[in-house]
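*Asks:* Sequence plus predicted model, see below.
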Amino acid sequence: MQVKIAPSLLSANFLRLEEDVEMLNSSADLIHLDIMDGSFVPNLSFGFPVMEAVARKAVIPLDAHFMVVNPGDWVKRCAEIGIASMSFHLEAAGGNARSILRDIRAHGMKAGLAINPDVPVEKLYPYIGSADFFLIMSVFAGFGGQKFIYDSLDRIHTLKSRLQEKNDSALIEVDGGVNVGNAAALAEAGADILVAGNAVFKAANPQEVISQLRNPR
Ligand code: DX5
Ligand code: ZN
């Protein structure tokens, strides 16, 4: 299966968001929206007013990545504005993770469980069967433009093998420091969806980078 590319709007030019969304409509597979609360991560990003505006222009699916405490509070509103997939962090949800995944699915969205690089990948195993995708962070959540952590390749490979053993069709999304130089290794390790912020939006030709990420050499 060819990897899907989900550019992260966090690195877009917020004064030209409409142009950027239109550019992604014709070149990307998903639009990744990073929601930060200044509590789960030491940074703030944007919230529903921006997400709704993007949703009005987007024709490709919106992928919302919640880096917040109490992620379950936002499921209903995400469904209402037409988010296609919603992920949140196991570290933030703790014992509520399974019920939040169930709630996301019950609202007609794809449910994703995310972990930071310091969480053992095995902690995701109990949720195989309850999630439509797993988001492996390849930098610590909170900021765009960080350096890719190479250990992530092993983590992706380990999770992919486990999913195959279980005959589970959940996808693996990778987020943080993804670029044209590591996309081939990520696809090889088992990544299905690549999130890329800086690599896409800081490029002279973002659409060309999206196509190179999709067909890495
Ligand atoms: C980081 C976010 C990422 C970020 C990726 O906390 O979850 O989605 O925007 O940006 P790059 O690709 O620049 O690392
Ligand atoms: Zn993200």
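*Replies:* Now that the structure is in, tell me what you want to look at. Ligands and ions are numbered 1, 2, ... in the order given.

*Asks:* measure the residue in the chain positioned nearest to ligand 1 to Glu22 for me?
*Replies:* At 2.7 Å from ligand 1, Gly197 is the closest residue in the chain, using Cβ to the nearest ligand atom. Where C-beta positions appear, they are placed from N, C-alpha and C, glycine not excepted. Distance, Gly197 to Glu22, using Cβ to Cβ, to the nearest Å: 18 Å.

*Asks:* sorry, back to before: I'd like to check which residues are in contact with the residue of the chain closest to ligand 1.
*Replies:* By Cβ atoms under 8 Å, 6 or more residues apart in numbering, the residues touching Gly197 are Pro7, Ser8, Leu10, Ser11, His32, Gly144, Gly145.

*Asks:* Kindly indicate which of the residues you listed lies nearest Ile156.
*Replies:* His32 (17.2 Å; Cβ to Cβ).

*Asks:* Please enumerate residues in contact with the helix or strand in which the closest one is found?
*Replies:* Assigned by DSSP states H and E, His32 falls within strand 31-36. By Cβ under 8 Å, 6+ apart, the residues outside strand 31-36 that reach it are 6-10, 21, 24, 43-47, 51, 54, 58, 60-68, 74, 83, 141-142, 144, 175, 195, 197.

*Asks:* Return the set of buried residues in the lengthiest helix in the chain.
*Replies:* In the chain, with assignment by DSSP state H, the single longest helix is helix 152-165. By neighbour count on 16 or more other Cβ atoms under 10 Å, the buried set for helix 152-165 is Ser152, Leu153, Arg155, Ile156, His157, Thr158, Leu159, Lys160, Leu163.

*Asks:* quick one: the fifth one and Ala189 touch, right?
*Replies:* I take that to be His157. Yes. With contacts counted by Cβ atoms under 8 Å, His157 reaches Ala189, the gap being 4.6 Å.

*Asks:* Helices - which of the contacts of strand 31-36 land there?
*Replies:* The members of those that map onto helices under DSSP H are Val21, Leu24, Met51, Val54.

*Asks:* Make a markdown table from those and add neighbour count to it.
*Replies:* As requested, the ones in helices among the contacts of strand 31-36 are exported to a markdown table (neighbours: other Cβ atoms under 10 Å):
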| residue | neighbour count |
| --- | --- |
| Val21 | 22 |
| Leu24 | 28 |
| Met51 | 21 |
| Val54 | 21 |
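
*Asks:* Now for the residues you listed: which two are most distant?
*Replies:* Leu24 and Met51 (14.4 Å).

*Asks:* Spell out, range by range, the strands that occur in the protein.
*Replies:* For the chain, the strands defined by DSSP state E occupy 4-7, 31-36, 62-67, 85-89, 110-115, 133-137, 171-175, 193-196.

*Asks:* re the thing from before, any idea how far the strand holding His32 is from the chain center?
*Replies:* Chain-centre distance of strand 31-36: 8 Å, with Cα atoms, centre = their mean, to the nearest Å.

*Asks:* That strand - what's its average pLDDT?
*Replies:* The pLDDT scores in strand 31-36 average 98.

*Asks:* Same check on stretch 87-107?
*Replies:* Throughout stretch 87-107, pLDDT has a mean value of 98.

*Asks:* now do stretch 209-217
*Replies:* Taken as a whole, stretch 209-217 has an average pLDDT of 93.
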